[in-house]
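Participant: I'd like to go over a predicted model; first the sequence, then the structure.
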Amino acid sequence: MDTRYLLAGALGILLAIDVHECMHAWTADRLGDPTARLMGRVSLNPLVHLDPLGTAMMALAAFSGRGIGWGKPVPVNPLHLKYGPRVGMGLVSLAGPLANLATAGILGLPFRLGIRLPGLLPLLLLQMLFINIGLAAFNLIPLPPLDGYGVLQGIVASVRGPTAFRLSQKLATFEQQGALMLFLLIIASQYIGIDMLGGFMDPVVNLFSKWILGL
């Protein structure tokens with residue numbers, strides 16, 4: 001692979017993880033929990049957010065076109081958050097994917113505006129753009145420990161009534177099995193040929209891509 005594409009992939013990974021985790025930390029701080037800020041996580045320095053294994057997996061995803069990745073989890077005390085622990089955590093969870101989509105939107109501005117870019121710059125920007133969209137789409141899967149699960153819990157907790165309360169309780173008990181189910185989902189998608197991961201992510205990536213690029 002051309003070293004320029006490798007460089008674009010590396011920069012895309014660093015940028016995607018950086019803005020994702022920084023926005024989690026910033027949102028938690030704004031909602032009343034200073035834990036992440038006191039640990040130096042409200043920062044655009046990628047070194048404070050990198051998880052070695054998660055970064056390696058994102059590198060494979062960037063260069064193979066399929067895969068997953070993650071940053072170092074941001075420490076949050078839900079009891080300190082405004083709007084209650086579950087709604088507050090829902091907002092914190094949503095902030096990460098939204099930050100990636102906003103970053104992709106900025107990277108896509110030249111294409112939306114019809115600006116002609118020289119050389120390989122369009123392809124490099126697109127690679128970085130799709131890495132951010134891919135990370136957002138993966139994290140929106142509603143399985144713990146991904147952000148989509150926190151968003152789902154926040155939505156359910158914001159609805160009043162006995163049905164919503166029972167569903168919220170069931171979701172809470174689901175946390176213990178969620179990580180195993182996510183692992184099995186990834187294994188099935190990668191090695192068994194049952195691409196359930198792609199079945200969720202591909203339509204989401206296509207939808208966000210159309211919105212951002214105006215296709």
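Facilitator: Everything's here; your move.
Participant: With adjacent residues omitted, what lies nearest to residue 131?
Facilitator: residue 12 (3.7 Å; CB to CB, 6 or more residues apart in numbering). For the C-beta atoms, the positions are set from N, CA and C on the backbone; glycine is no exception.
Participant: tally of neighbours for that neighbour?
Facilitator: For residue 12, the neighbour count with other CB atoms under 10 Å is 26.
Participant: Then the one 10 residues further on?
Facilitator: Neighbour count for residue 22, taken as other CB under 10 Å: 24.
Participant: any low-confidence regions in this structure?
Facilitator: 1-2, 58-69, 164-165, 178, 189-191, 193 (pLDDT under 70).
Participant: ok, residue 140 touching residue 203?
Facilitator: No - checked against CB atoms under 8 Å, the pair residue 140 and residue 203 is beyond contact range at 11.4 Å.
Participant: buried stuff in the lengthiest helix in the chain?
Facilitator: Among the elements of the chain assigned as helix by DSSP state H, the one spanning the most residues is helix 3-30. For helix 3-30, a neighbour-count test (16 or more other CB atoms under 10 Å) marks 8-29 as buried.
Participant: Next: stretch 100-114.
Facilitator: Those buried within stretch 100-114 under the rule 16+ other CB under 10 Å are 100, 101, 103, 104, 105, 107, 108, 111.
Participant: Which single one of these is nearest to residue 158?
Facilitator: residue 101 (21.5 Å; CB to CB).
Participant: who touches the nearest residue to residue 154 once chain neighbours are set aside in this structure?
Facilitator: Of all residues not flanking residue 154 in the chain, residue 90 sits nearest, at 1.5 Å (CB to CB, 6+ apart). For residue 90, the contacting residues are 150, 151, 152, 153, 154, 155, 157, 158, by CB atoms under 8 Å, 6 or more residues apart in numbering.
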